[in-house]
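Asker: sequence-free structure coming up:
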């Protein structure tokens, strides 16, 4: 069996998230259907991140096993020919048997776009959270840094809907970078994102962008963090309140959850296979 890795982008507006859900249009479900057409066998598709309904991706990664003799380029061309324009395969490659999109990542980077001008351009409204009201950028930037480190993020995680699951889940997460980028700061992106890595400039005209990079994330975690940062910007919270909210471990205290359309899974980092070879040698 061959292991095929896909790097893909999608507009999440019309999908009920990444993960397959009965009776709902999902990115994973549609991809699996089209892959079955190409391979002529049922395909189990593993995704690196379970993005929620309305959340977008530029650097989502998935993999699947297949006995098909199609070349990786054939998979990319075939999928892009059969999928709707809202899902695009950016790259396809054959990887080793140990690669698993969900289990292998070293880090993930999410972006949350906040549009600050009074009127949102019609070609942006599906991809930004519009908030033209007065916000204290300096306070939000200070608060963003408070999330860096290894913490219990119970206060910034949505309930799974099951009290039993909530009690048993591991809620410690490691945030490696957390920062606000303001208008005109695109020349200084996070170290793991280059200007060419995204289809739009970071913190372009009229935008603020929250950038967070971590090992993994809880459900709605980034959106709840952004919700808290917006409360700081409005003066309802202070930057010094963030460590206290983390310590409380109470999701009812962290404020609103930011809307999904501003969120994008930007990139996923994996170990360099060459490093594994050097270690083995």
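Answerer: Yep, it's here. Because the structure is a prediction, the values reported are computed rather than measured.
Asker: Show me where the chain has its strands.
Answerer: 2-10, 46-47, 56-66, 87-95, 107-115, 129-130, 149-152, 172-181, 207-214, 263-269 (DSSP state E).
Asker: Of all those, which one is nearest residue 244?
Answerer: Nearest of these to residue 244, taken as C-beta to C-beta: strand 149-152 at 12.0 Å. All C-beta spots, glycine's among them, are computed from the backbone N, C-alpha and C.
Asker: Quickly run through the sheet partners of that closest one, with directions.
Answerer: As defined by DSSP bridges, the strand partners of strand 149-152 come to strand 172-181 (antiparallel).
Asker: Residues contacting the partner strand, please?
Answerer: 107, 109, 137, 140-141, 144-153, 188-192, 202-203, 208-218, 221, 225, 229 (C-beta atoms under 8 Å, 6 or more residues apart in numbering).
Asker: circling back to that earlier point, which one of the strands of the chain lies closest to residue 72?
Answerer: strand 87-95 (4.0 Å).
Asker: residues making contact with that closest one?
Answerer: 2-11, 27, 30-31, 63, 72-73, 75-76, 79-80, 83, 273.
Asker: Is there a quick PyMOL command that grabs whichever of the residues you listed are buried?
Answerer: Applied in PyMOL, the following selects the buried portion of the contacts of strand 87-95 according to 16 or more other C-beta atoms under 10 Å:
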select buried, resi 3+4+5+6+7+8+9+10+11+27+30+31+63+72+75+76+79+80+83
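Asker: Could you pull up the residues touching residue 70?
Answerer: 38-39, 78.
Asker: Can you tell me which of those residues lies closest to residue 98?
Answerer: For the contacts of residue 70, the nearest to residue 98 is residue 39 (21.4 Å; C-beta to C-beta).
Asker: so who does the closest residue to the closest one other than its chain neighbours touch?
Answerer: Closest residue to residue 39 apart from its sequence neighbours, by C-beta to C-beta, 6 or more residues apart in numbering: residue 68 at 4.4 Å. Shown in contact with residue 68 (C-beta under 8 Å, 6+ apart): 2, 38-41.
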